[in-house]
Structures are given as structure tokens and as C-alpha cells.
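> sequence and predicted structure, then a few things I'm wondering about:
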Amino acid sequence: QVQLAESGGGLVQAGGSLRLSCAASGRTASTYGMGWFRQAPGKEREFVASIGWPGATSNYADSVKGRFNITKDNAKNTVYLQMDSLKPEDTAVYYCAAKAHYSGGYFPIGGMDAWGKGTQVAVSS
């Protein structure tokens, strides 16, 4: 079993940047692909970005392509989500998620093995 701990988030003006971090711990943490989902008030949780294991194949939602970048530090079992050119519609609670042996491609919300508690991102206009 892997545990996830998110950090980062906060309040930023439109056009600004934030970086989220998600550290995975547990005996097999290094064998998980990881990613991010978000949930805005009154809306369903949606996919944002993912990165595979053991390679670094990344995948993005169309709404964030060109603005968000997901990377990972294998030595630290940590994934980062760099969010640039933020828009008010990016406002949501962002959740880190992990899936065992995920190598890339479709990152199904119903197929995650672990979830973080979420971190709030608020973008003001």
C-alpha cells in the first residue's frame, strides 16, 4: 500500500503560477505511476495529468495542455505539477493519485490504488 502526501496550492491571481508536490511513501512506492485530478465546487472530479512508471510518459487533459507540466523525481518518489498561466476556471481541490505499474496513457479515476487528501488551488480574476 502506498500513501500520498500533497503540498503546495494556495491563492494566486490569473496568469500566475503554482507548483504542487505529491510524495509517495510505502514499500513499493517506486513502482507506481502517479497523477492529478481536480474537483471544482458542484462539479465531478476530473483528470488533469499523469506520468508513468518506470518511464516518464506524461498525459494531460486538453484544458491544461501547454500550461501545466508534470514531472517526477524517482529518487524522492515525488511528483510535481507545475501550473502556469492559471485561469479562474482552474480553481479546484487538486488530488494526487497513484496506480500500481501504470506506464502511461489512460489514467482512469475509478482505477486508482491510492489518493491524497487534496490541496486547494484558488485563482482570482
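Sure thing, it's come through.
> where exactly do the strands run in this protein?
Ranges of strands in the chain, per DSSP state E, are 3-7, 10-13, 18-25, 32-39, 46-51, 58-60, 68-73, 78-83, 92-100, 114-115, 119-124.
> could I get those as CSV with distance to Pro108?
In short, each C-beta sits where N, CA and C put it, glycine included. Below are those laid out as CSV (distance: least, Cβ to Cβ, whole Å):
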stretch, distance to Pro108
strand 3-7, 17
strand 10-13, 29
strand 18-25, 18
strand 32-39, 10
strand 46-51, 8
strand 58-60, 12
strand 68-73, 17
strand 78-83, 18
strand 92-100, 8
strand 114-115, 13
strand 119-124, 22
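> could you identify which of the ones you listed is most buried?
strand 32-39 (a mean of 24; mean count of other Cβ atoms under 10 Å).
> output the strands of the chain as JSON lines; include the columns mean pLDDT and distance to Tyr106.
Output for the strands of the chain, formatted as JSON lines (pLDDT from 0 to 100; distance: least, Cβ to Cβ, whole Å):
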{"stretch": "strand 3-7", "mean pLDDT": "95", "distance to Tyr106": "20"}
{"stretch": "strand 10-13", "mean pLDDT": "98", "distance to Tyr106": "30"}
{"stretch": "strand 18-25", "mean pLDDT": "96", "distance to Tyr106": "20"}
{"stretch": "strand 32-39", "mean pLDDT": "96", "distance to Tyr106": "11"}
{"stretch": "strand 46-51", "mean pLDDT": "97", "distance to Tyr106": "9"}
{"stretch": "strand 58-60", "mean pLDDT": "96", "distance to Tyr106": "8"}
{"stretch": "strand 68-73", "mean pLDDT": "96", "distance to Tyr106": "15"}
{"stretch": "strand 78-83", "mean pLDDT": "97", "distance to Tyr106": "18"}
{"stretch": "strand 92-100", "mean pLDDT": "96", "distance to Tyr106": "10"}
{"stretch": "strand 114-115", "mean pLDDT": "96", "distance to Tyr106": "18"}
{"stretch": "strand 119-124", "mean pLDDT": "98", "distance to Tyr106": "24"}
